[in-house]
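Enquirer: need coordinates for the following:
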Amino acid sequence: TRLDCAAAPGQPAMAEGVPRAGSALPAASMSSLPLAALNVRVRRRLSLFLNVRAPVAADWTVLAEAMDFEYLEIQQLEKYADPTSRLLDDWQRRPGASVGRLLELLAKLGRDDVLMELGPSIEEDCQKYILKQQQEASEKPLQVDSIDSSITRINDMAGITIRDDPLGAVGWWWWSLTNTCKARNVISRLSLHSASLQVPIRSD
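Expert: So this is what the prediction gives:
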């Protein structure tokens with residue numbers, strides 16, 4: 001996947017300063033990165049290029065139309081001191097907004113000057129964003145389902161039936177046998193203890 005976007009039909013090819021395929025970026029391409037990958041510095045420099053109304057160059061209003069903003073929405077953006085910055089903030093919440101799409105639109109509008117000037121900075125921001133995502137993914141603990149192989153304690157099995165017993169009929173039989181043996185031992189000890197307390201009756 002190309003890291004930059006090819007120039008639109010009839011437009012000149014992007015200058016060498018703009019990121020191209022085979023650059024230092026990891027496997028993920030700029031075309032799939034969200035616009036949030038662009039930091040404040042790049043956004044401010046974009047504003048310096050696009051906030052200026054020029055009859056021979058596409059400004060932020062033309063870019064807004066290319067981003068499918070309606071007339072009334074563009075009028076609302078004109079109220080802000082930095083309409084380009086607000087435009088990018090609003091656009092990045094819309095489906096399809098990405099760094100690659102932004103580069104495509106700028107190329108389509110003939111703003112190769114912006115692409116040449118900001119290309120290296122955009123690529124640098126994308127590199128940082130991808131590396132940060134990879135680092136966060138590697139730091140996440142591995143989710144392993146805990147397995148408890150211990151046998152349910154006898155006390156926890158009181159009052160259950162064979163159907164309730166996680167060990168089935170065999171477990172139920174073992175639990176019953178254990179309780180029976182315990183009961184017999186207790187009765188035996190109580191009998192011995194009772195016999196030792198008996199006082200012999202005098203015949204005289």
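Enquirer: give the buried residues for the helix or strand that contains Y129.
Expert: Secondary structure from DSSP states H and E places Y129 in helix 112-139. Of the residues in helix 112-139, those with enough neighbours to count as buried (16 or more other Cβ atoms under 10 Å) are 112, 114-115, 117-119, 122-127, 129-130. (Glycine included, C-beta is placed from N, CA and C.)
Enquirer: from the residues you listed, which is closest to S31?
Expert: Each of the buried residues of helix 112-139 was checked against S31 using Cβ to Cβ; the closest is C126, at 10.2 Å.
Enquirer: ok so, going back, now pLDDT and distance to E104 too, for the buried residues of helix 112-139, in TSV please.
Expert: Conversion of the buried residues of helix 112-139 to TSV gives the following (pLDDT from 0 to 100; distance: Cβ to Cβ, whole Å):
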residue	pLDDT	distance to E104
D112	96	13
V114	96	13
L115	96	10
E117	96	17
L118	96	14
G119	94	14
I122	95	13
E123	93	15
E124	95	20
D125	95	17
C126	94	15
Q127	93	20
Y129	95	19
I130	93	19
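Enquirer: show me which pair in the residues you listed is furthest apart.
Expert: For the buried residues of helix 112-139, the farthest-apart pair by Cβ to Cβ is D112 and I130; their separation is 25.1 Å.
Enquirer: pretty sure P83 contacts L77?
Expert: Yes. Taking Cβ atoms under 8 Å as the contact criterion, P83 and L77 are neighbours in contact, 4.6 Å apart.
Enquirer: joint contacts of the two?
Expert: Taking Cβ atoms under 8 Å, 6 or more residues apart in numbering as the contact criterion, the residues that touch both P83 and L77 are W60.
Enquirer: which stretch of helix or strand covers the residue lying closest to A66 once chain neighbours are set aside?
Expert: With Cβ to Cβ, 6 or more residues apart in numbering as the measure, L105 is the residue that lies nearest to A66, at 4.8 Å, once sequence neighbours are left out. Assigned by DSSP H and E, L105 falls within helix 99-108.
Enquirer: what is that helix packed up against?
Expert: Secondary-structure packing of helix 99-108 (3 or more Cβ pairs under 8 Å, 6 or more residues apart in numbering; DSSP states H and E): helix 60-66, helix 112-139.
Enquirer: which one of those helices lies closest to V99?
Expert: Shortest distance between V99 and the helices and strands packed on helix 99-108, using Cβ to Cβ, is found for helix 112-139: 6.2 Å.
Enquirer: got the angle for that closest one vs helix 99-108?
Expert: Computed with axes from the mean of the first three to the mean of the last three Cα atoms, to 10 degrees, the direction of helix 112-139 lies at 180 degrees from that of helix 99-108.
Enquirer: quick check: G96 vs M67, distance?
Expert: Separation of G96 from M67 (Cβ to Cβ, to the nearest Å) stands at 9 Å.
Enquirer: more neighbours: which of the two?
Expert: More neighbours surround M67 than the other of G96 and M67, with 20 against 8 (other Cβ atoms under 10 Å).
Enquirer: any idea how far that one is from A54?
Expert: As defined by Cβ to Cβ, M67 lies at a distance of 19 Å from A54.
Enquirer: what's the closest non-adjacent residue to L46?
Expert: Leaving out its chain neighbours, L46 is closest to T84 (Cβ to Cβ, 6+ apart), at 5.8 Å.
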